[in-house]
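Participant: This is a predicted model, with the sequence first.
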There are 2 protein chains.
Amino acid sequence: MAVKALVLYDFTAEPGNNELSVREGETVTVVDQSVGGGWIAAQNAGGRTGLVPEGYLQIGGGGGGDSWSGGGAYQQSPAGGDDDDGEWDDDWDDQSVSSYHGNGHMEEEAGTSGRSTHGHTVKISLNKFPFSKGPSPEVFLLASPPATSRESLPVYMGEVGPVWLYPATPLDCVIADPKKESKLYGLKSFIEYQITPNTTNRTVNHRYKHFDWLYERLLEKFGSLLLIPSLPDKQVTGRFDEDFIRIRMERLQAWMTRMCRHPVVSQSEVFQLFLTYKDERDWKSGKRRAEKDETVGPMMFSLVQPEAAELDVAQVEQKCELYSRFTKTMDDGVRELLTVGQTHWKRCTGPLPKEYERIGRAFGNLSTVFNSSRYPGEETLTNALTAAGKTYEEIAQIVAKQPQKDLHFLLETNSEYKGLLGCFPEIIAVHKAAVDKVKEAERLVSTGRISSGDRKLMTQRVSNMSYSLQAEMNHFHSNRIYDYNRVLQFYLEQQVAFYQQIADKLREALSHFTTL
Amino acid sequence: MAVKALVLYDFTAEPGNNELSVREGETVTVVDQSVGGGWIAAQNAGGRTGLVPEGYLQIGGGGGGDSWSGGGAYQQSPAGGDDDDGEWDDDWDDQSVSSYHGNGHMEEEAGTSGRSTHGHTVKISLNKFPFSKGPSPEVFLLASPPATSRESLPVYMGEVGPVWLYPATPLDCVIADPKKESKLYGLKSFIEYQITPNTTNRTVNHRYKHFDWLYERLLEKFGSLLLIPSLPDKQVTGRFDEDFIRIRMERLQAWMTRMCRHPVVSQSEVFQLFLTYKDERDWKSGKRRAEKDETVGPMMFSLVQPEAAELDVAQVEQKCELYSRFTKTMDDGVRELLTVGQTHWKRCTGPLPKEYERIGRAFGNLSTVFNSSRYPGEETLTNALTAAGKTYEEIAQIVAKQPQKDLHFLLETNSEYKGLLGCFPEIIAVHKAAVDKVKEAERLVSTGRISSGDRKLMTQRVSNMSYSLQAEMNHFHSNRIYDYNRVLQFYLEQQVAFYQQIADKLREALSHFTTL
């Protein structure tokens, strides 16, 4: 059955660039998901085929219009035939959907359930700040840590300023061997990944839906103060196609590596549970415990314990402004690089190799023509021309495959950073709301809404929030320098090898010609 | 005054490729003639700007529609103001036009005057064979050499078969120092080129119109048996812009070099006159003599003196078929290479460098953003990123300039060959008409239209024609092997240097990154 996709946003094709114009709400048929560079080949109802940006399509089963409404709705009527297509259902079922929404303990913090859509459509949460629209900042500025909590978030003063407590041995894990499994007598199929952490060196199995459960827990718990980037998009990769299992696994690996690298996330109970559960029973009880955790969201700020002196509101505000500006401009820079990278990808895999192939064929054809001349002494030239032609056809292949070798990683890293940067507006909005409330505190005291003791606590809490934000920002900066240094170095190394290979090939082709 | 151009053929723009659709008969404004690769930037009446293939436009003065009809018509009313634009008139005047058409001595050989349009519009003569449509082949099959003629065209048997008599020292010449000169008190301006042949080492001056006069003489005299390629197009380059004087001179040089290399052309009286006239008087009397020359066109076959045995008609026909096939397929090959080369030129000078520039700027911007982080230890990465960004901006420049360095010569050589190959249909048509006539000879004898002596003479003449065609073909082949070997070797050398330069630049950029 042909895979259909719902168009999420209007997209106007750049003429002559093999793109397809689509309108929001239109349904298209997916022709090729392996184009790469953020593009998907699709065909519209009129039969026209072309490339559409991956993010503009929501790929679903070939079913009716109602299947678009989301994984949950789709799952309530799983049709046997659709299972084989491997859409959505492989990673999603009633059980896990209900587990997100069934536990009403977070409902006083409105917006949390809104947050759980984060994983479904990336665009929604970017410009909405559920937390900041939620409860009055007093709630978390004055909240005490739950009596039962043994957690704390110490912030130390490092060389670069406030930093989290980094473990002596950094956690890491390897995701491998995706296996197709099935249940319900083969009616439901899914992919199971094998995850091995460096701490236990013992492999645990997880389905995508477990990763998604983990993501939701981390987001709920840490989303107000730490960067919890979205999981790799479900829809694009929710199939059994080898390429897509590979790329999903690559992206899950990148996501897990990033979470492992985070000193707070990696040490959290829920993350440890995910990587080191002993058996099914252990996993299930751990899941229930995590889902009942009440120390979540902005409440987490009550656990922050900085070793440094309290900051005044002006200092807090200044840092906040600085980070806000930096992350916004970096977001622009990252998007720019993604845009030009995607354009370049398309050129390198489309028109450019086609042109080299045509040049190669033109040389080859000329060689064939010359060979037919019956003129003596033709051979050296025709052999050399044939070699030159073949070389350009080889160059076409090299050019077409290159983006997968270098640009791919540059784009993947930038996509990751786009995701990370997308977490900042919410964190900064929570921060700003708190700062505003503290600035208002004088008036709140005079109108008797809070005591002067509360006001002191609020100022201290905002200072703690700032230390946590600074520690998180410094973590972000050090990772950013590491990641960009690594990915750009890799990109340039591959580019050097690419151009060098072409130069060497052409040099070889040149050697076939008679020296004049 | 803006330069206008008449659209000669319909051209449909490839979408998204910066091309402009134009209709035959439309007038457009020339925006940029220095685009290269066979493209001209033009603007239509609606204000849209884009690229149009050079060959689709006839560039003329800014005057009215009547100026399109040709140089002659335009010249009859030279307006002072137009002279300064340097269109056409600089190389063209009444005198030279009348000298083409005024001498009626060739009128019995209809079509010769038609041939003289060859220089004006390349496309006309390609599929029209004025000679073959002209007089009955008996005329030249039975014609005797003029009594006054001291000319002969010996054909020797060389290693490769029939060959012309090659001079011991090949003729060559250098065209240099184009000088802007004027007459009529500055009202008429023109460019004068300095030509120095290797035989006399004495420089003579010629204007473009003199080259054109020489071309017309050579075409008239040798066009039935030798390849006399068209001069570089008047219209594109008939201006005082430095770039266009340079490219016109380069093409005139290529044309003269080719003519110098031809053993028959280079030894002809008219060619020698052009290169070695002593003074104005010598030149003028030589001109008059050349214009009165009656040993021209198919009449030239009567001068062919092969040293080998007479060929029978079947052998003649077979050679003719072979050459016809070869030149047709080579013409296809050359056109294909020109087409892909022109497309490639446009990509290399347009979208590709723009993309490298955008990649470079994206790296540079990211460096600027990172610099603003106030995070310590940022410098190594930002410096490396800046270097990488600058490198890609330099690569953009290198890519954009490369076609001028290598593709240019590949395209120029192929354009020359397209011109040469365009001469074959006519030569082959004359040949075929003669062969058909000889095959008919039996019947002509029986109906008493020719004597059996005439029939013998016709068979011998066709054999001589075949020797001349074979000698010319062998000359073509040996030049072709030399030229393609040279130009492809040059192209590949430049391409190697190009890719090597980029690899080296990227290697340098890579060295700025911290080794991991």
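Facilitator: Alright, I've got the coordinates. These numbers come from a predicted model, not from an experiment.
Participant: got the residues of the stretch 401-516 of chain A near chain B?
Facilitator: A:474, A:477-478, A:480-481, A:484-486, A:488-489, A:492-493, A:495-496, A:499-500, A:502-503, A:506-507, A:509-510, A:513-516 (Cβ under 8 Å from any Cβ of the partner chain). Any C-beta I mention is one placed from the backbone N, CA and C, and that applies to glycine too.
Participant: Going through these, which ones are buried?
Facilitator: Buried members of these, counted by 16 or more other Cβ atoms under 10 Å in any protein chain shown: A:474, A:477-478, A:480-481, A:484-485, A:488-489, A:492, A:495-496, A:499-500, A:502-503, A:506-507, A:509-510, A:513.
Participant: can I assume A:L171 is in contact with A:P197?
Facilitator: Yes. Using Cβ atoms under 8 Å, A:L171 makes contact with A:P197 at a distance of 6.5 Å.
Participant: which stretch of helix or strand covers A:S34?
Facilitator: Per DSSP states H and E, A:S34 falls inside strand A:27-36.
Participant: Walk me through which strands that strand pairs with, and which way each runs.
Facilitator: strand A:4-7 (antiparallel), strand A:39-43 (antiparallel) (DSSP bridges).
Participant: Throw those strands into JSON lines and include distance to B:D454, thanks.
Facilitator: Formatted as JSON lines, the strands paired with strand A:27-36 follow (distance: least, Cβ to Cβ, whole Å):
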{"stretch": "strand A:4-7", "distance to B:D454": "81"}
{"stretch": "strand A:39-43", "distance to B:D454": "72"}
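Participant: quick revisit: check the contact lists of A:L171 and A:P197 and give me the overlap.
Facilitator: Taking Cβ atoms under 8 Å, 6 or more residues apart in numbering or on different chains as the contact criterion, the common neighbours of A:L171 and A:P197 are A:260, A:275.
Participant: Just give the nearest non-adjacent residue to A:V22, would you?
Facilitator: Residue nearest to A:V22 in three dimensions, not counting chain neighbours: A:V7, with 4.4 Å by Cβ to Cβ, 6 or more residues apart in numbering or on different chains.
Participant: Enumerate every residue touching the one you found.
Facilitator: For A:V7, the contact set (Cβ under 8 Å, 6+ apart) comprises A:22-28, A:52, A:56-58.
Participant: Just the buried residues of those residues.
Facilitator: A:22, A:26-28, A:52, A:56-58.
Participant: Looking at those, spot the one nearest chain B.
Facilitator: When those are compared for distance to chain B (Cβ to the nearest Cβ), A:V52 wins out at 16.0 Å.
Participant: Is the closest one bridged to anything, and to what?
Facilitator: Assessed by DSSP bridges, A:V52 has beta-bridge partners A:I40.
Participant: That one touches A:Q43, doesn't it?
Facilitator: No. The criterion here is Cβ under 8 Å, and A:V52 misses it with A:Q43 at 10.1 Å.
Participant: tell me, what's touching those two both at once?
Facilitator: Residues touching both A:V52 and A:Q43 by Cβ under 8 Å, 6+ apart: A:20, A:28.
Participant: what stretches of chain A score poorly on pLDDT?
Facilitator: Scanning chain A with the threshold set as pLDDT under 70 gives A:1, A:15-16, A:60-136, A:148, A:184, A:234-240, A:516.
Participant: any chance you could map the strands in it?
Facilitator: Secondary structure of chain A, counting by DSSP state E: strands at A:4-7, A:27-36, A:39-43, A:49-53, A:57-60, A:153-158, A:161-164, A:173-183, A:188-197, A:204-207, A:304-306.
Participant: Tell me which other helices or strands the last one touches.
Facilitator: Going back to what we said before, that points to strand A:304-306. Helices and strands touching strand A:304-306, by 3 or more Cβ pairs under 8 Å, 6 or more residues apart in numbering or on different chains; DSSP states H and E, are strand A:153-158, helix A:452-510.
Participant: As CSV, these with distance to A:N205 would be great.
Facilitator: Listed next are the helices and strands packed on strand A:304-306 as CSV, based on distance: least, Cβ to Cβ, whole Å:
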stretch, distance to A:N205
strand A:153-158, 31
helix A:452-510, 28
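Participant: between those, which one is nearest to A:S302?
Facilitator: Nearest of those to A:S302, taken as Cβ to Cβ: helix A:452-510 at 7.3 Å.
Participant: contact partners of stretch A:480-497?
Facilitator: Outside stretch A:480-497, the residues that reach it (Cβ under 8 Å, 6+ apart) are A:402, A:405-407, A:409-410, A:413, A:416-417, B:363, B:366, B:370, B:375, B:377-378, B:380-381, B:384-385, B:388, B:503, B:506-507, B:509-510, B:513-516.
Participant: Over to stretch A:193-200?
Facilitator: Residues outside stretch A:193-200 that contact it (Cβ under 8 Å, 6+ apart): A:169, A:171-179, A:202-208, A:249, A:252, A:256, A:260, A:275-276.
Participant: Now render the strands of chain A as CSV, adding distance to A:Q397.
Facilitator: Formatted as CSV, the strands of chain A follow (distance: least, Cβ to Cβ, whole Å):
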stretch, distance to A:Q397
strand A:4-7, 30
strand A:27-36, 15
strand A:39-43, 20
strand A:49-53, 21
strand A:57-60, 29
strand A:153-158, 49
strand A:161-164, 47
strand A:173-183, 29
strand A:188-197, 31
strand A:204-207, 37
strand A:304-306, 55
